[in-house]
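K.L.:
return a 3D structure for these sequence lines:
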Amino acid sequence: MGKTTLFAVSNQKGGVGKTTTVVNLATALSALRKKILIIDLDPQGNATTSLGLKRQLGGKSSYSVLLGKHSVRESMLETGIPYLYILPSSQELLGVDLELAGVSECQFFLKKALKELDDFDYVFFDCPPAVGMLTMNALVAATDVIIPIQCEYLALEGVADLLKTIEKVKKNFNPNLKIEGICLTMFDGRSNLSKSVVQDVRSYFGSLVFETIVPRNVRIPEAPSHGKPVMLYDFRSVGAQSYVKLAKEVLTREKGGLNG
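P.N.:
Sure thing, here's the model as predicted:
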């Protein structure tokens, strides 16, 4: 993969901002003229629809690429945003665990499919909220993991299990896998609970936590209904600006090796 960085954006808990992080961080990086590919591995296809595109059924998609029916290059779509491409989701992803059960080295299918993509700066895997075959393929193919954690009650629920899964993947399949960072999302500055969660997460994970915190901002959940990232929907909003800051922080970490 050359110098391409592959981010698996994952958390076993749903509703923490995985897809929002993928779509908006990728858009912010593309605005900095980085060539980006989003691979939508969630059967719900929210990353795909958030960019104004439709999930595929029976055609070229992340499902058909994973199963070796099509190449990434022939299956990815332009998003209309310069430098940003997406490999769309498919409802057929719902059956992947059953289809690949017992198949030899099925954890490596996605990694094998990505060998041709050394012209991208970053690839983002939008993982489903479960550690099944889709997330496992993402972790095996990835170079780094980004873990979104919402600033709410039970914020750390599922993170401990994800960390154990990452360690297992490192031990058995991908020894160079590392955590790029933990992204705090849905922060409410008026809430003592949000502030307490930030303090607890920073205390526990230290420098792994990004300095940038994504706030609760109505523009962020509004944007997908218009088929746009929040940066295009309302660039001046605090939500959009938080992802601009996060993108710059990611670049700084990559350049300085602060995640390694």
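K.L.:
list the buried residues of the lengthiest helix in the chain.
P.N.:
The helix that spans the most residues within the chain, counting by DSSP state H, is helix 238-256. Residues of helix 238-256 classed as buried by neighbour count (16 or more other C-beta atoms under 10 Å): 239-244, 246-247, 249-251, 253-254. C-beta: built from backbone N, CA, C; applies to glycine.
K.L.:
export those as CSV, with columns for distance to Lys18.
P.N.:
Shown next, in CSV, are the buried residues of helix 238-256 (distance: C-beta to C-beta, whole Å):
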residue, distance to Lys18
Gly239, 16
Ala240, 18
Gln241, 20
Ser242, 16
Tyr243, 14
Val244, 19
Leu246, 14
Ala247, 17
Glu249, 18
Val250, 16
Leu251, 21
Arg253, 19
Glu254, 20
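K.L.:
ok, those residues vs Asn192, which is closest?
P.N.:
Of all these, Asn192 sits closest to Ser242, with 20.7 Å by C-beta to C-beta.
K.L.:
any idea which element the closest residue to the closest one other than its chain neighbours lies in?
P.N.:
Spatially, and ignoring its direct neighbours in sequence, Ser242 is nearest to Val214 (4.7 Å; C-beta to C-beta, 6 or more residues apart in numbering). Assigned by DSSP states H and E, Val214 belongs to strand 209-215.
K.L.:
that strand packs against which elements?
P.N.:
When contacts are defined as 3 or more C-beta pairs under 8 Å, 6 or more residues apart in numbering; DSSP states H and E, strand 209-215 sits against strand 178-187, helix 192-205, helix 238-256.
K.L.:
mean pLDDT added to these, as CSV?
P.N.:
CSV is the format used below for the helices and strands packed on strand 209-215 (pLDDT from 0 to 100):
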stretch, mean pLDDT
strand 178-187, 96
helix 192-205, 94
helix 238-256, 94
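K.L.:
how about the helices in this protein?
P.N.:
Counting by DSSP H, the chain has helices at residues 18-31, 46-50, 62-66, 72-75, 96-100, 109-113, 133-141, 159-172, 192-205, 219-222, 230-233, 238-256.
K.L.:
who are the packing partners of the second one?
P.N.:
In this case it means helix 46-50. Secondary elements touching helix 46-50 (3+ C-beta pairs under 8 Å, 6+ apart): helix 18-31, strand 36-40.
K.L.:
what sits up against the longest one?
P.N.:
I take that to be helix 18-31. By C-beta atoms under 8 Å, 6 or more residues apart in numbering, the residues outside helix 18-31 that reach it are 9-11, 36, 38, 42, 46-47, 50-51, 81-84, 121-122, 124, 126-127, 129, 146, 148, 183, 185, 214, 220-221, 224, 229-232, 239-240, 243-244, 246-247, 250-251.
K.L.:
tell me how far it lies from the chain's centre.
P.N.:
8 Å (C-alpha atoms, centre = their mean, to the nearest Å).
K.L.:
kindly report the same for the shortest one.
P.N.:
Its chain's average C-alpha position is 8 Å from that of strand 36-40, according to C-alpha atoms, centre = their mean.
K.L.:
Val140 is in contact with Phe125, correct?
P.N.:
No: taking contacts as C-beta atoms under 8 Å, Phe125 lies outside contact range of Val140: 10.4 Å.
K.L.:
looking at the two, which one has more neighbours?
P.N.:
Phe125 (31 against 21; other C-beta atoms under 10 Å).
K.L.:
for that one, name its beta-bridge partners.
P.N.:
For Phe125, the beta-bridge partners under DSSP bridges are Ala8, Ile39.
K.L.:
let me see the contact set for Tyr63.
P.N.:
So Tyr63 contacts 56, 89-90, 92-93, 96 (C-beta under 8 Å, 6+ apart).
K.L.:
re the thing from before, touching, the residue nearest to Ser242 and Val16? I think so.
P.N.:
No: with contact defined as C-beta under 8 Å, Val214 does not reach Val16; the gap is 10.7 Å.
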